[in-house]
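Participant: 3D, please:
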Amino acid sequence: MIWSIWHRRSFVTNALGLSFVVAASAFAQQGAPQQPVPSVSQASGSQAGIYSLQVNSQMVVLDVVVTDKQGRIVTGLGKDDFHVFEDKAPQTILSLDQAESHLPPADLSIDSTAELDKLEPDVPVNIIVLDEVNTKFEDEAFARYSIKKYLNSQTDTLALPTMLVAVNLQRFMVLRDYTRSKKEILYALDHHLATLPWQAKTKSWVAEQFNASFLSLQEVAQATAGHPGHKNMIWIGRGFPPINPEYLTPQANDELKVAIENCTNLLRDARVTLYTVDPAGIEVTPPDQDENGFYEDDPFGGQVDFDAMATATGGKSFFGRNDVDKLIETSARDGASFYTLAYKPSTAIQDAKAFRNIRIAMKDPSLHAATREGYYAHPPAVPPALDANGKSSRQLVLDLSVAGESLMVYDAVPITLLRDPAAPDNFQIILKTSDIAWQAEDSNRLSAAISVFVESFDKKGKLLNRKGNINTVGLPASATPLLPAAPTLSMPVTLPTGPPAARLRFVVRVNSSGKIGAVNFFLVDPKTLADPGTGLMPGRK
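Facilitator: Next comes the predicted model:
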């Protein structure tokens with residue numbers, strides 16, 4: 001069936017499970033009117049139930065950057081040089097990968113997310129984000145100048161695969177997918193026309209700032225979850241404005257806390273470290289710590305701001321300096337120079353909502369180790385795809401609409417597309433069955449509910465067609481528990497591809513796990529598009 005059209009701005013403020021509640025409670029005098037949630041048609045058969053596995057212990061993996069007093073990277077350390085504490089209890093390090101072991105081969109060429117996942121799925125990557133939501137226009141110009149200055153100081157082949165992204169109130173734009181070509185990143189930067197920020201001083205504007213930035217963090221985490229390597233997200237701009245929970249209603253405060261927990265878990269599970277570089281400069285008051293360097297409570301228990309998110313993921317916040325190009329270089333360097341250590345928590349995880357604090361002390365006290373502050377014991381349960389009335393849940397609408405609006409490749413559920421040469425409007429979406437969470441119907445058959453969302457656009461980004469449905473699929477079981485006998489699953493999709501169609505967007509969501517896959521299919525040369533979703537201007541010299 002056809003979905004109603006959603007735009008990022010209205011979607012963020014009216015349909016998300018995060019801050020439409022927080023924003024309406026905290027900033028608006030009156031709540032925004034609720035927009036109708038589009039429904040998704042369900043294929044024949046009932047929606048599959050949710051399979052879940054409860055565990056009381058897990059392996060914790062940490063990416064750790066070690067520097068000396070001068071801020072220089074320190075390499076060549078061993079297990080005995082690190083002392084790891086979880087909730088103040090010492091932990092035994094089971095494995096340690098050296099900082100130099102993560103770099104890709106010097107001659108490796110990467111030109112897309114698909115090539116990255118196929119050729120070097122474990123290498124770290126850089127994701128540079130231009131913040132056009134909260135940053136003043138003059139600071140945006142300085143940020144672009146600084147990125148250029150940083151890139152021009154690098155070799156023609158970048159040390160790590162790098163993605164360039166821009167975020168404004170309406171869109172999340174992938175200006176350049178992963179590449180090691182400095183020239184390609186510079187081309188994308190030169191062909192992007194920055195958005196003039198809306199500087200209205202209203203409560204609703206502050207809410208939309210927060211929501212748009214927060215949503216972008218979640219989008220990066222969800223989109224890159226399929227790449228097991230470390231992701232270094234370098235956010236150039238102000239980030240979202242700070243929110244003090246003391247000024248929220250109890251209900252809104254709870255909503256905000258859950259949202260922060262969810263986003264932090266998404267970033268943690270995707271191995272994303274956030275670095276924020278503010279070209280204008282801000283002041284940040286860090287959360288209170290005890291005499292041992294542990295946070296007295298959940299680090300988000302005080303004022304919530306973008307810098308707290310950076311610290312929570314093991315990153316840093318830079319502000320009040322003019323050498324932004326050097327700060328970008330430092331952030332990129334840290335993303336390529338980390339140790340990876342693993343341990344199994346010495347105490348069982350009983351409270352699913354508990355925040356587990358992590359601290360690393362170095363044997364040499366002159367050295368500093370940076371890693372994420374901790375983790376929430378278990379991620380929250382995935383909301384059902386359908387609500388009590390049998391309509392699409394807000395979480396399902398959020399996931400599919402945001403993924404459908406973006407051009408970013410989501411690789412948590414890798415998609416292979418096959419087009420029928422005899423019937424070019426017909427496609428097969430091919431998924432690996434090992435990427436799907438299955439439920440046992442009986443001893444011989446498994447089932448899963450998979451949402452499929454497809455769209456077509458013309459060269460200027462105008463929506464031409466949009467379809468969505470929930471497919472309940474079944475396959476024979478194999479001898480391996482909860483794994484089908486077939487290695488792949490094929491789902492047919494039909495969408496008109498004749499002119500004026502220029503690009504197609506395919507999105508799938510495994511409803512029991514919440515994992516998403518999304519890919520683009522271009523019917524024309526992408527560089528000829530005048531689609532604002534690309535963030536690029538065709539033909540500009």
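Participant: okay, now residue 240: neighbour count?
Facilitator: As a burial measure, residue 240 scores 25 neighbours (other C-beta atoms under 10 Å). Just so you know, the C-beta spots here come from the backbone N, C-alpha and C atoms, and that holds for glycine as well.
Participant: which residue sits farthest out from the middle of the protein?
Facilitator: residue 422 (37.4 Å; C-alpha atoms, centre = their mean).
Participant: let me see the ranges of the strands in the stretch 51-200 of the chain.
Facilitator: Ranges of strands in the stretch 51-200 of the chain, per DSSP state E, counting those that start in this stretch, are 60-67, 82-86, 89-91, 93-97, 125-131, 157-167, 172-181.
Participant: check contacts around the closest residue to residue 74 other than its chain neighbours.
Facilitator: Leaving aside its chain neighbours, residue 74 sits nearest to residue 66 (4.5 Å; criterion: C-beta to C-beta, 6 or more residues apart in numbering). For residue 66, the contact set (C-beta atoms under 8 Å, 6 or more residues apart in numbering) comprises 73, 74, 77, 99, 339, 362, 367, 368, 369, 370.
Participant: ok, now residue 161?
Facilitator: 104, 110, 116, 120, 123, 125, 126, 178, 179, 180.
Participant: repeat the analysis, applying 10 Å as the threshold.
Facilitator: 104, 108-113, 115-116, 119-120, 123-127, 177-181, 227, 229 (C-beta atoms under 10 Å, 6 or more residues apart in numbering).
Participant: separation between it and residue 102?
Facilitator: Distance of residue 161 to residue 102, computed by C-beta to C-beta, to the nearest Å: 12 Å.
Participant: next, show the common contact partners of these two.
Facilitator: What both residue 161 and residue 102 touch, as defined by C-beta under 10 Å, 6+ apart, is the set 123, 124, 229.
Participant: would you mind giving these as a markdown table with neighbour count added?
Facilitator: Putting the shared contacts of residue 161 and residue 102 into a markdown table (neighbours: other C-beta atoms under 10 Å) gives the following:
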| residue | neighbour count |
| --- | --- |
| 123 | 21 |
| 124 | 25 |
| 229 | 20 |
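Participant: out of those residues, list just those in helices.
Facilitator: Judged by DSSP state H, helices contain none of the shared contacts of residue 161 and residue 102.
Participant: ok, so of the residues you listed, who is nearest residue 436?
Facilitator: Distances from residue 436 to the shared contacts of residue 161 and residue 102, taken as C-beta to C-beta, are shortest for residue 229 (22.4 Å).
Participant: ok, now how distant is that closest one from residue 484?
Facilitator: 28 Å.
Participant: hang on, residue 390 in a helix?
Facilitator: No: Residue 390 is assigned coil when assessed by DSSP: H, G, I helix; E, B strand; the rest coil, not a helix.
Participant: tally of neighbours for it?
Facilitator: 9.
Participant: same question, residue 389
Facilitator: Residue 389 has 8 nearby residues by other C-beta under 10 Å.
Participant: could you do the one 3 residues further on as well?
Facilitator: Taking other C-beta under 10 Å as the criterion, the count of residues near residue 392 is 24.
Participant: least trustworthy helix or strand in this protein by mean pLDDT?
Facilitator: Ranking every helix and strand in the chain by mean pLDDT, DSSP states H and E puts helix 19-26 at the bottom, with a mean of 30.
Participant: quick revisit: buried only: go through the contacts of residue 161 for me.
Facilitator: 104, 110-111, 113, 115-116, 120, 123-127, 177-181, 227, 229 (16 or more other C-beta atoms under 10 Å).
Participant: now do the SS call for the residue farthest from the centre of the chain.
Facilitator: Recorded secondary structure, residue 422: coil (three-state DSSP).
Participant: okay, it and residue 454: tell me how far apart.
Facilitator: From residue 422 to residue 454 the distance is 20 Å (C-beta to C-beta).
Participant: residue ranges with poor pLDDT in the stretch 301-450 of the chain?
Facilitator: 301-304, 349-353, 379-380 (pLDDT under 70).
Participant: in the stretch 351-500 of the chain, which spans are strands?
Facilitator: Using DSSP E, counting those that start in this stretch, strands in the stretch 351-500 of the chain cover 355-362, 368-370, 374-376, 410-411, 416-419, 426-432, 439-442, 445-457, 463-476, 488-494.
Participant: so which of these is the most packed in?
Facilitator: strand 410-411 (a mean of 24; mean count of other C-beta atoms under 10 Å).
Participant: great, nothing more from me.
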